[in-house]
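1. Return atomic coordinates for the entry below.
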Amino acid sequence: MELILQSIVNGLIQGGFFALFAVGLVLIFGVMSVVNFAHGELVMIGAYTIWLLHAQNGLAFIPAIGVAIIVVTIIGLLMERFLFRPTRDDPLAGLICSIGVLFILQVVATLIGGDGPSKQVPPPFHGTMVVFDSLRIPYQRIFSLVVSIVALSTLWYFLTRTKLGWALRAVALDREAAALQGININRISMIAIGVGGALAGLAGALMAPLTNINPHMGHNVIITAFIVTIVGGVGSLSGAVIAAVLYALFHTFVTVYFGGTLATICGLILMVVVLIVKPTGIMGVRVSE
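-> Okay, here's the model as predicted:
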């Protein structure tokens, strides 16, 4: 029972990370119709920023998180302006451009940190909270979970209670109709990838003290993001959050009892099963031709 409870807690915390970068990917795809394969590398850059500023140069952890968010957001904005906007009418070209950015960011990370062992960031929050005399939750993980919940709640408020949020949702539903209503598509696209990049940078920053950092860590991130996006329903932000939590619990339990490699394989099998049984995902809506 103790192992089960610990796995549930760890799964919920991991679900926060999954939701952050999956929601960003869904938002970018919904508004811009671009499959951003470099999204995992944006998370990686966020983690590398924390390693460089906090672990190597002593900048306090929370200000370093702010810098990581800004750096990744700027990268996202540059991608939108110089890559995705010129290829807006050619989704395949945009996808190929994102793959190019993927390799460029990996090379940049290698030049900054070297291609040696994975980097480590000492947890800035020490200590462990003990619940029921057996359940142990490190304060670092509690901090990450709280920040993830606050960030996702803020995004929900932005999308449902502000004019810019409504405009984002309108463009995601029907870009041409939104343009006819006077919505600036270029501006909304920049906001979408800016928000998606900020969430990716935040996810990488929060993950940095809890994982091994290397130039290729984005591979696992993008695989997870695609699984969560497809299971939750392509284009559904609420579906992405629900799927992130469910998949994190599933992945954690399989990892604990059978190993991480099998957990990833089972996750891919789960995605295929969902595509066969319910192609629209948990919260997706079928769109008629």
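2. Need the residue closest to the centroid of this protein.
-> Phe21 (0.7 Å; C-alpha atoms, centre = their mean).
3. Would you agree it is in contact with Asn36?
-> No: contact criterion C-beta atoms under 8 Å: Phe21 and Asn36 do not qualify, at 10.8 Å. In short, each C-beta sits where N, CA and C put it, glycine included.
4. Mind giving me the packing neighbours of the lengthiest helix in the chain?
-> With secondary structure taken from DSSP state H, the chain has its longest helix at helix 2-32. Secondary-structure packing of helix 2-32 (3 or more C-beta pairs under 8 Å, 6 or more residues apart in numbering; DSSP states H and E): helix 39-50, strand 135-138, helix 139-161, helix 163-173, helix 185-207, helix 218-232, helix 237-258.
5. What residues of that helix count as buried?
-> If you call a residue buried by 16 or more other C-beta atoms under 10 Å, then helix 2-32 has these buried ones: 6-7, 9-32.
6. neighbours around Val107, how many?
-> Residue neighbour count, defined by other C-beta atoms under 10 Å, stands at 11 for Val107.
7. ok, and the closest non-adjacent residue to it?
-> Leaving aside its chain neighbours, Val107 sits nearest to Pro215 (7.8 Å; criterion: C-beta to C-beta, 6 or more residues apart in numbering).
8. For the one you found, what are phi and psi?
-> phi -60, psi -20 (degrees, to the nearest 10).
9. on that earlier part again, please identify the deepest-packed of the helices and strands packed on helix 2-32.
-> helix 39-50 (a mean of 29; mean count of other C-beta atoms under 10 Å).
10. Could you point out the helix or strand that follows that one?
-> helix 61-79 (DSSP states H and E).
11. tally of neighbours for the residue nearest to Ser118 when sequence neighbours are not counted?
-> Among residues not flanking Ser118 along the chain, Asn212 sits closest, at 3.6 Å (C-beta to C-beta, 6+ apart). Per other C-beta under 10 Å, the neighbour tally for Asn212 reads 13.
12. Would you mind measuring from Asn212 to Val121?
-> 10 Å (C-beta to C-beta, to the nearest Å).
13. go on, Asp115?
-> Applying C-beta to C-beta, the value for Asp115 to Val121 is 18 Å.
14. Would you mind telling me which of these two has the busier surroundings?
-> Per other C-beta under 10 Å, whichever of Asp115 and Val121 has more neighbours is Val121, with 23 against 12.
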